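Student: below: sequence and its predicted model.
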Amino acid sequence: MFSSSAWSVGFRSKSCQRTDPLSTRSARSHRYRPGRGGRGDNRETWRSIGPTVYGAWSACRLRAFYSDLLFRTRLSGYDAYVYVLVEHQSCPDRFMPMRMLRYILMTWTQHLDAHPNSKALPAVVPLVVHSGPRGEQWNYPTELGELIDIDDAARAELAGYLPSLKILLDDLSQVDIAAIQARDLTPPARLVLILHKITAKNTNLGHDLQPFLADLSDLTTDDLSRIFEYIFLEGDTGLEDLQALLNQLGQRAKEVAVTTAERLRAEGHAEGRAEEAARMLLKLLAAKFGTPPAETVHRVRSADIDELEAWTPRVLTAATLEEIFGPA
């Protein structure tokens, strides 16, 4: 673990707007109270680049395994970023330093697009938050150099020419709940880490969250909705299993939990319809035009139900793929 980390500093800052680390779907923001002191002056503004940053670097197919957040801050008077990757998969990614390097390059590219007259690049601090669902310790490289296959002599000789990157790692699998509670965090941030540690495959969250009633009671309605969304999506605890907890939290929590569960069921139904519509459209395209190219497959599978329902009838009259996906 690391003390006074960017993670704890960032989530203590009142002016920090972040995208939601709980949900792999939403792109909302939240404000946290100010921290104190340190080289990364917390009196400066910490804020995300905007909702488009959430999940922008993690490809769609990876969203079930990662949630990413990008913070902008000032370090010793200079612009800087903190890139946080919250990992949801069961097995750590051996090539995480390479993945983080890619995201840092994307962050620099976006920064230069927004500031074309820049003469230098801002610092980007990479931080990975890990918690294996079975409590597995992170035992993979945290330095990019460890992934480069080269003998020691050549490594030493080429040290100044090989790419170098070390990621900060918050390995929650090696941190007990009491230690997380002792961190100087706001209730939402504390619950983020606790849930990240205990939610996966947990059928008894209603009981396990009892010690955190005070933090849950302090949440805004919006944050409470995100908490329940994460529980329902990532855990094995259903609405009925939370009744005792909800009775203690009161009517507001009950209404938020029920509304969230109903919304997720509706979204799941809509996603199921979209998946079936995409499957059918691809089948029709293959029958008429032959095996569709990869970009067409990606476009169809990424489309929403309204787009799919608009495209499908065009297969009957279209002479080319372009006629299907072009303007009506």
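Tutor: Thanks, I have it.
Student: where do the helices sit along the chain?
Tutor: 6-10, 96-114, 152-157, 177-182, 187-198, 205-208, 213-217, 221-234, 243-249, 251-289, 294-302, 305-311, 321-325 (DSSP state H).
Student: could I get these as TSV with mean pLDDT, distance to residue 82 and mean neighbour count?
Tutor: Bear in mind the C-beta positions are built from the backbone N, C-alpha and C, glycine included. Conversion of the helices of the chain to TSV gives the following (pLDDT from 0 to 100; distance: least, CB to CB, whole Å; neighbours: other CB atoms under 10 Å):
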stretch	mean pLDDT	distance to residue 82	mean neighbour count
helix 6-10	36	4	23
helix 96-114	92	10	17
helix 152-157	93	29	10
helix 177-182	91	19	13
helix 187-198	88	14	22
helix 205-208	90	29	18
helix 213-217	92	24	15
helix 221-234	88	21	21
helix 243-249	93	32	16
helix 251-289	89	29	15
helix 294-302	90	29	14
helix 305-311	89	36	16
helix 321-325	90	39	15
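Student: what would these look like in CSV with distance to residue 126?
Tutor: Below are the helices of the chain laid out as CSV (distance: least, CB to CB, whole Å):
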stretch, distance to residue 126
helix 6-10, 9
helix 96-114, 4
helix 152-157, 22
helix 177-182, 21
helix 187-198, 18
helix 205-208, 30
helix 213-217, 28
helix 221-234, 23
helix 243-249, 36
helix 251-289, 31
helix 294-302, 27
helix 305-311, 35
helix 321-325, 37
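Student: for these, which one sits closest to residue 167?
Tutor: helix 96-114 (5.3 Å; CB to CB).
Student: who does the closest one touch, helix- and strand-wise?
Tutor: strand 78-87, strand 123-130 (3 or more CB pairs under 8 Å, 6 or more residues apart in numbering; DSSP states H and E).
Student: averaging pLDDT over each of those strands, which comes out lowest?
Tutor: Here these differ in mean pLDDT, and the lowest is strand 78-87 at a mean of 88.
Student: helix 96-114 and that strand, what's the angle between them?
Tutor: 140 degrees (axes from the mean of the first three to the mean of the last three CA atoms, to 10 degrees).
Student: given strand 78-87, what are its sheet partners and their directions?
Tutor: strand 66-75 (antiparallel), strand 123-130 (parallel) (DSSP bridges).
Student: now the helices and strands packed on helix 96-114 in JSON lines, please, with extra columns for mean neighbour count and distance to residue 200.
Tutor: As requested, these are exported to JSON lines (neighbours: other CB atoms under 10 Å; distance: least, CB to CB, whole Å):
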{"stretch": "strand 78-87", "mean neighbour count": "21", "distance to residue 200": "11"}
{"stretch": "strand 123-130", "mean neighbour count": "21", "distance to residue 200": "12"}
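Student: distance to residue 213 for those - can I get that in TSV?
Tutor: Listed next are the helices and strands packed on helix 96-114 as TSV, based on distance: least, CB to CB, whole Å:
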stretch	distance to residue 213
strand 78-87	24
strand 123-130	24
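Student: any idea how far residue 187 is from residue 217?
Tutor: 9 Å (CB to CB, to the nearest Å).
Student: low-confidence ranges, the stretch 1-150 of the chain, go.
Tutor: 1-66, 88-90, 133-134 (pLDDT under 70).
Student: I'd say residue 164 and residue 146 touch.
Tutor: No: here residue 164 does not reach residue 146: they are 10.6 Å apart, not a contact under CB atoms under 8 Å.
Student: centroid-nearest residue for the protein?
Tutor: Against the mean C-alpha coordinate of the chain, by CA atoms, centre = their mean, the closest residue is residue 67 at 1.1 Å.
Student: closest one to residue 135 among the helices of the chain?
Tutor: When the helices of the chain are compared by CB to CB, helix 187-198 sits nearest residue 135, at 8.7 Å.
Student: which residues touch the nearest residue to residue 257 once chain neighbours are set aside?
Tutor: Closest residue to residue 257 apart from its sequence neighbours, by CB to CB, 6 or more residues apart in numbering: residue 228 at 4.9 Å. Residues counted as contacts of residue 228 (CB atoms under 8 Å, 6 or more residues apart in numbering) are 256-257, 260-261.
Student: how near is residue 228 to residue 239?
Tutor: 9 Å.
Student: ditto for residue 326
Tutor: Going from residue 326 to residue 239 by CB to CB gives 44 Å.
Student: who has more neighbours, the two?
Tutor: residue 239 (18 against 11; other CB atoms under 10 Å).
Student: distance of the more buried one relative to residue 206?
Tutor: Taken as CB to CB, the span from residue 239 to residue 206 is 10 Å.
Student: could you do residue 92 as well?
Tutor: Relative to residue 206, and taking CB to CB, residue 92 is found at 29 Å.
Student: okay, how far is it across stretch 204-222, tip to tip?
Tutor: Stretch 204-222 stretches 23 Å from its first residue to its last (CA to CA, to the nearest Å).
Student: again, but for stretch 187-207
Tutor: 18 Å.
Student: begin at 56, not 1, for the rest of this chat.
Tutor: All right, first residue 56 from here; so that's stretch 242-262.
Student: quick one on the thing from earlier: mind putting the contacts of residue 283 in CSV, distance to residue 360 included?
Tutor: As requested, the contacts of residue 283 are exported to CSV (distance: CB to CB, whole Å):
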residue, distance to residue 360
311, 27
312, 27
315, 21
316, 21
